[in-house]
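Novice: I'll drop the sequence and a predicted model, then ask my questions.
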Amino acid sequence: MSWCVEVGKKSNGRCAYCWEPIDFTDQKSWELDHVIPVSRGGSSEASNIVVTCFRCNRVKRDLTYHEFVLLCHKIATNHKATVEQLLRTYMPEPG
């Protein structure tokens, strides 16, 4: 099985981080992300790649998954908002 198919099956049609549904027909609304960024020692193996929405991947940048979750929790707690509300507020729509 190719790694692209493997990564796609893992996603269940949703962003790996916020779990919003992904429209795979809109190529600007989703991206592949390294859970552990290559810049931080991560590999490009299928086990380190996930499907994400554009917003989550742009906010995550070169953070690890754990760091990203902690950042989202900290922001959401401080602002008493959900992560999805924060992403919609601080990240523009793709395109």
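Specialist: That came through fine. Numbers count the residues shown, from 1 in each chain.
Novice: which parts of this structure are helices?
Specialist: Secondary structure of the chain by DSSP state H: the helices cover 3-11, 54-60, 65-79, 83-90.
Novice: contacts only, for residue 53.
Specialist: The neighbourhood of residue 53, defined by CB atoms under 8 Å, 6 or more residues apart in numbering, consists of 15, 17, 18, 20, 22, 29, 30, 31. C-beta here means a position set from N, CA and C on the backbone, and glycine is covered the same way.
Novice: which among the residues you listed count as buried?
Specialist: Buried members of the contacts of residue 53, scored by 16 or more other CB atoms under 10 Å, are 15, 17, 18, 20, 22, 29, 30, 31.
Novice: so of these, which ones are in strands?
Specialist: When DSSP state E defines the strands, the subset of the buried ones among the contacts of residue 53 inside them is 30, 31.
Novice: redo the buried ones among the contacts of residue 53 as JSON lines? Include pLDDT and distance to residue 58.
Specialist: What follows is those, written out as JSON lines (pLDDT from 0 to 100; distance: CB to CB, whole Å):
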{"residue": "15", "pLDDT": "90", "distance to residue 58": "12"}
{"residue": "17", "pLDDT": "88", "distance to residue 58": "11"}
{"residue": "18", "pLDDT": "85", "distance to residue 58": "12"}
{"residue": "20", "pLDDT": "88", "distance to residue 58": "14"}
{"residue": "22", "pLDDT": "86", "distance to residue 58": "15"}
{"residue": "29", "pLDDT": "87", "distance to residue 58": "12"}
{"residue": "30", "pLDDT": "88", "distance to residue 58": "12"}
{"residue": "31", "pLDDT": "91", "distance to residue 58": "8"}
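Novice: so which of the buried ones among the contacts of residue 53 is the closest to residue 67?
Specialist: Checking the buried ones among the contacts of residue 53 against residue 67 with CB to CB, the nearest one is residue 17 at 11.9 Å.
Novice: OK, contacts around that closest one?
Specialist: Residues counted as contacts of residue 17 (CB under 8 Å, 6+ apart) are 50, 52, 53, 56, 60, 65, 68, 69, 72.
Novice: equivalent analysis for residue 42, please.
Specialist: Counting by CB under 8 Å, 6+ apart, residue 42 makes contact with 34, 35, 36, 48.
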